[in-house]
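1. structure of the sequence below:
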Amino acid sequence: MVHPMVDPVKTEDSSAAARLQALLERELLSGAWPEGARLPTERALSESYGVARNTLRRALDGLERAGLVERHVGRGTFRRTAPPPPALEEEALSPAAVMEGRLLLEPEMIGLAVLRATPADLARLRDCLRGTDEATSLAEFEHWDAALHDAIAVATHNAAVLGMSRSLARVRERTDWGALKARGDTPSHRAALQAQHHEMVEALHRRDRDRARQAMRAHLRLIQSVMAGE
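-> The predicted structure follows:
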């Protein structure tokens, strides 16, 4: 029996949009459309993927919130270009300072994401988690790890929080940061980090704010200790 407050059509559309968004995201990240390129029209995409226009638009809305595409009325949808190089202030930040900032920001960030994450956001988180599970190199693991944390920031649907998170995340692209992470990249450490990733995503799916905050805090503490050589 269908609950009277649930619209089964809208629920089905939302699930289809989440699956389509995850599929389009994988194709965007794999280079199916280069940066700045215009994507096919909504009509062409709907026909290509066999979905209704409303479903496609929901998926594109999610990709736009995630910063992967830009949509312009009368012009179409475009693959978003990469952000500009880090500002001088970001270059001057030490890894230790960044980790302190992340410890202040990210536990509360994931708590907000618990309240606001949409089905499309949760699908994106699952996709990123799958990427870290299947990673065979540190570079690949780091790529999906960064994507997972960014997906959590996107799920807050707060532009200020997303901007702060991405500003701190850009420091991870520096050589000194990579050297510190590589030094502590052992099978046991990576397994522990991945277990924490699963715990965070599970807490998000269960809408458990306290569990999500605790998991994020423990995750960042482990990263901090690994980078300190402990």
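2. quick one: contacts for the most centrally placed residue in the chain?
-> In the chain, the residue lying closest to the centroid (CA atoms, centre = their mean) is Ala151, at 1.9 Å. Counting by CB atoms under 8 Å, 6 or more residues apart in numbering, Ala151 touches 66, 121, 124-125, 128. Where C-beta positions appear, they are placed from N, C-alpha and C, glycine not excepted.
3. for Leu115, same thing?
-> For Leu115, the contact set (CB under 8 Å, 6+ apart) comprises 207, 209.
4. from the contact counts, what lies against the helix or strand hosting Asn54?
-> In this structure, Asn54 sits in helix 53-65 according to DSSP states H and E. Judged by 3 or more CB pairs under 8 Å, 6 or more residues apart in numbering; DSSP states H and E, the packing partners of helix 53-65 are helix 8-29, helix 42-49, strand 69-72, helix 119-134.
5. nearest to His198, out of the ones you listed?
-> Across these, His198 has its closest neighbour in helix 119-134 (6.7 Å, CB to CB).
6. show me how far the closest one is from its chain's centre.
-> 8 Å (CA atoms, centre = their mean, to the nearest Å).
7. before we move on, the earlier item: can you tell me which of the helices and strands packed on helix 53-65 is most buried?
-> Across these, the average number of neighbours (mean count of other CB atoms under 10 Å) peaks for helix 119-134, which reaches a mean of 20.
8. redo the helices and strands packed on helix 53-65 as JSON lines? Include distance to Arg170 and mean pLDDT.
-> Shown next, in JSON lines, are these (distance: least, CB to CB, whole Å; pLDDT from 0 to 100):
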{"stretch": "helix 8-29", "distance to Arg170": "18", "mean pLDDT": "72"}
{"stretch": "helix 42-49", "distance to Arg170": "31", "mean pLDDT": "92"}
{"stretch": "strand 69-72", "distance to Arg170": "20", "mean pLDDT": "88"}
{"stretch": "helix 119-134", "distance to Arg170": "18", "mean pLDDT": "92"}
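9. got TSV for the ones you listed, with distance to Ala146 too?
-> Formatted as TSV, the helices and strands packed on helix 53-65 follow (distance: least, CB to CB, whole Å):
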stretch	distance to Ala146
helix 8-29	12
helix 42-49	27
strand 69-72	19
helix 119-134	9
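10. coming back round to it: which pLDDT does the model give the residue nearest to the centre of the chain?
-> For Ala151, the pLDDT comes out at 93.
11. would you mark the buried spots in the helix or strand where it lies?
-> Using DSSP H and E, Ala151 sits within helix 138-154. Neighbour-count burial for helix 138-154, counted by 16 or more other CB atoms under 10 Å, picks out 141-154.
12. about what we covered before: give me the distance between the residue nearest to the centre of the chain and Gly76.
-> Distance from Ala151 to Gly76, counting by CB to CB, to the nearest Å: 25 Å.
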